[in-house]
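Peer 1: here is a sequence together with a model predicted from it:
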Amino acid sequence: MLRDITIGQHFPGNSILHRCDPRLKIVMTIAYIVVLFVASNPLGILLSLALLALLYSLAKIPYRLILKSLKPIVPIVIFTAVLNLFFMGGEGEPLFHWWLLSIYAEGIRYAILMSVRVIALIAGTSLLTYTTSPIVLTDAIESLLRPLEKVHFPVHELAMMMTIALRFIPTLIEETEKIMNAQKARGAKLDNGKFTERIHALIPILIPLFISAFRRADELAMAMECRCYHGGQGRTRLKVLRFTRQDGLCALAMAAMLAVIVATRFL
Amino acid sequence: MSEIIRAEHLRYVYNPGMPDETAALDDVSFSIEEGDFVGVIGSTGSGKSTLISHFNGLNRPTSGRILVDGRDMWSSGEDLRSFRFLVGLVFQYPEYQLFEETCAKDIAYGPRNMGLDEAEVQRRVQEAAAFTGLGPDLLARSPFELSGGQKRRVAIAGVMAMRPRILVLDEPAAGLDPAGRDTILSQIRDYHEKTGITVVLVSHSMEDIARYANRVLVMSHAKVAMYDTVERIFARAPELLELGLSVPQVTQIFLKLRQMGLDIPTDVYTTPYAVKTILKAWNARHPEHPIPLEGGGVHAS
């Protein structure tokens, strides 16, 4: 069950998307999110979904994986949809009216639009993490944020913290599963019971988890000190990011497609 | 004696349908008699840990059946949780699961989950503490102040306190110093002898298995490679070596001696038995200077 969390997971491969410059991928992902919210009519949303499908097939990522990454956000999607459904005011007569609640045609439209947007948003950002290993991703973020160093923003430190955080997500998930199994073996009731019971059942899992996280942090800090880590100054890289011609072509293609989607707004 | 665990064509697949799909167990069948002390050995990744997590229903077999005390925990109408108390499972590095303020409270976690009354819980805590050599002063302390070996004993006591009918331990001695190893393993043996409870001990160490178990289950590449009494398993030492497993050092010496042309048995796996065998062989070859087998015989030589 915990293994099903796929956000932030890498799906190794050698597709054009995998090889693309990670900085370009980050910029394009952000652009895609912006476009998702700019495109306000059904055609635009459909086109952005089609683009996403195209990119997923280019990256050769199984569709099952997308569904898996969408599973945890189902409650959010339902919440957004319901909220929009009932609280979106509209003109003319409501389609349905009961007590304080009324549904307008506009509300239904927005409910669908927003749910599709949230789904595309998660699927789009998941694509970035599927095709980019966390290490490369933080390298790219560091490189993109570099200009902020001028205003004494700790770019390298931030990137290092992100690298470490990402690196330890799978480790902590594995650790959690181990501890959960150990407590289940002692009869812990984790899957059922009342809400308060479940909260109580979490204590035997959270305490060992925190202790082990602190221990790991300690060990990691020690290991970094031993290898003379002293921040970003004068650090060189094993893999230097290069923006190739192919990346340029990808950028143009993506920009063109995004532009088409934005253009639908003015139809 | 009756059968307590029975595996029938057990198969378990990790990540089914994914590119990294792997069968951790493949057509595994065996049965364990009540009261046995079974050692499970196998190289890393041979499926040992996956196998034992089927005993109390933490993993569900992809196909095949596992029967504990004659019941299939995955058939409808069975309470999975009751199997958790029937089969006490001690994981690798169990000290990381400790969470309570005092050792006594942590040991009481399992019995409390069983819904026992307070007096019975306390009785079981005391009993388990006695088996693992934890005194009252230790029981009152926080588990996080203890040494590694002590923590481990608290964790094992926490499972013993549930009074399972089968105690399963995954590498209970891993990462401990030799003294800590001997303490824990001999405590487990005493527990087995006093209570008659079935014990399944997963270990990398052939020496440990040879010393404590009466039957050995050898796992290799997700399958059961051998399952027999300790004597008969170690008599097949060359096959064990072929599987990438070690054999006890004494057995290795006897294998070498046999290769050198001496007529001696190869099922030797403990030092006292080795001494006896060597003396017997000596006496057979030198009937004019016999060395008595018992008592001072070792010194006289």
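Peer 2: Okay, I see it.

Peer 1: what residues does the stretch 151-267 of chain A have near chain B?
Peer 2: A:178-179, A:181-189, A:203-204, A:207-208, A:211-212 (C-beta under 8 Å from any C-beta of the partner chain). Where C-beta positions appear, they are placed from N, C-alpha and C, glycine not excepted.

Peer 1: now, which of the residues you listed lie within strands?
Peer 2: Counting by DSSP state E, no part of those is found in strands.

Peer 1: which of these fall within helices?
Peer 2: Members of these lying in helices (criterion: DSSP state H): A:178-179, A:181-185, A:203-204, A:207-208, A:211-212.

Peer 1: how about the helices of the stretch 151-267 of chain A, start to end?
Peer 2: For the stretch 151-267 of chain A, the helices defined by DSSP state H, counting those that start in this stretch cover A:155-185, A:195-226, A:245-263.

Peer 1: most packed of the ones you listed?
Peer 2: Across the helices of the stretch 151-267 of chain A, averaging neighbours per residue (mean count of other C-beta atoms under 10 Å in any protein chain shown) puts helix A:155-185 on top, at a mean of 17.

Peer 1: and that helix, what does it pack onto?
Peer 2: helix A:134-145, helix A:195-226 (3 or more C-beta pairs under 8 Å, 6 or more residues apart in numbering or on different chains; DSSP states H and E).

Peer 1: can you lay out the ones you listed as JSON lines showing mean pLDDT?
Peer 2: Putting the helices and strands packed on helix A:155-185 into JSON lines (pLDDT from 0 to 100) gives the following:
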{"stretch": "helix A:134-145", "mean pLDDT": "86"}
{"stretch": "helix A:195-226", "mean pLDDT": "90"}
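
Peer 1: a markdown table for these, including distance to residue B:104?
Peer 2: Below are those laid out as a markdown table (distance: least, C-beta to C-beta, whole Å):
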| stretch | distance to residue B:104 |
| --- | --- |
| helix A:134-145 | 43 |
| helix A:195-226 | 15 |
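
Peer 1: among these, which is nearest residue B:114?
Peer 2: helix A:195-226 (14.8 Å; C-beta to C-beta).

Peer 1: count of neighbours near residue 96?
Peer 2: Reading this off chain A. 12 (other C-beta atoms under 10 Å in any protein chain shown).

Peer 1: nope, chain B
Peer 2: For residue B:96, using other C-beta under 10 Å, the count is 19.

Peer 1: which outside residues touch stretch B:229-248?
Peer 2: With C-beta atoms under 8 Å, 6 or more residues apart in numbering or on different chains as the test, stretch B:229-248 has contacts from B:39, B:41-43, B:206-207, B:209-210, B:213-216, B:218, B:220, B:225-226, B:251-252, B:255, B:265-270.

Peer 1: how about a cut-off of 6 Å?
Peer 2: Stretch B:229-248 is contacted from outside by B:43, B:206-207, B:210, B:213, B:215-216, B:220, B:225-226, B:251, B:255, B:266-267, B:269, using C-beta atoms under 6 Å, 6 or more residues apart in numbering or on different chains.

Peer 1: next step: these restricted to strands.
Peer 2: B:215-216, B:220, B:225-226.

Peer 1: which helix or strand contains the closest residue to chain B within the stretch 1-150 of chain A?
Peer 2: The nearest approach of the stretch 1-150 of chain A to chain B comes at residue A:64, 7.3 Å away (C-beta to the nearest C-beta). For residue A:64, the host element (DSSP states H and E) is helix A:63-70.

Peer 1: any idea of the mean pLDDT in that helix?
Peer 2: Helix A:63-70 shows a mean pLDDT of 81.

Peer 1: give the buried residues for that helix.
Peer 2: Within helix A:63-70, the residues that count as buried by 16 or more other C-beta atoms under 10 Å in any protein chain shown are A:65-66, A:68-70.

Peer 1: for chain B, what's the nearest residue on the stretch 51-200 of chain A?
Peer 2: residue A:187 (3.3 Å).

Peer 1: any buried residues in stretch B:276-286, and which?
Peer 2: B:276-279.

Peer 1: for the residue of the stretch 51-200 of chain A closest to chain B, which non-adjacent residue is spatially closest?
Peer 2: residue B:113 (3.3 Å; C-beta to C-beta, 6 or more residues apart in numbering or on different chains).

Peer 1: what about the one you found, neighbour count?
Peer 2: Residue B:113, neighbours per other C-beta under 10 Å, totals 20.

Peer 1: pretty sure it contacts residue A:185?
Peer 2: No: counting by C-beta atoms under 6 Å, residue B:113 stays clear of residue A:185, with 10.3 Å between them.

Peer 1: sec struct for residue 11, please.
Peer 2: Picking chain A for this. Classification of residue A:11 by DSSP: H, G, I helix; E, B strand; the rest coil places it in coil.

Peer 1: try chain B instead
Peer 2: strand.

Peer 1: tell me the confidence at the nearest residue to it once chain neighbours are set aside?
Peer 2: Closest residue to residue B:11 apart from its sequence neighbours, by C-beta to C-beta, 6+ apart: residue B:63 at 4.6 Å. What the model reports for residue B:63 is a pLDDT of 91.

Peer 1: check residue B:132 too.
Peer 2: 92.

Peer 1: list the contacts of it.
Peer 2: Residue B:132 touches B:153, B:156-157, B:187, counting by C-beta under 6 Å, 6+ apart.

Peer 1: assign a three-state SS to residue B:88, would you?
Peer 2: strand.

Peer 1: got a list of what it touches?
Peer 2: B:159, B:162, B:164, B:167.

Peer 1: surely the third one is within a helix?
Peer 2: Read it as residue B:164. No: assessed with three-state DSSP, residue B:164 is coil; it does not lie in a helix.

Peer 1: that one and chain A: what is the separation?
Peer 2: 10 Å (C-beta to the nearest C-beta, to the nearest Å).

Peer 1: can you tell me the closest non-neighbouring residue to that residue?
Peer 2: residue B:88 (3.2 Å).

Peer 1: start and end of stretch B:85-95, how far apart?
Peer 2: Start and end residues of stretch B:85-95 are separated by 19 Å (C-alpha to C-alpha, to the nearest Å).

Peer 1: remind me which residues of chain A are low pLDDT?
Peer 2: A:1-8, A:89-94, A:100 (pLDDT under 70).

Peer 1: same check on the stretch 51-200 of chain B?
Peer 2: Ranges of the stretch 51-200 of chain B meeting pLDDT under 70: none found.

Peer 1: give me the nearest residue to residue 87, chain neighbours excluded.
Peer 2: Because you didn't say which chain, this covers chain A. Going by C-beta to C-beta, 6+ apart, residue A:87 has residue A:107 as its nearest residue, at 7.5 Å.

Peer 1: was after chain B, sorry
Peer 2: residue B:56 (4.0 Å).
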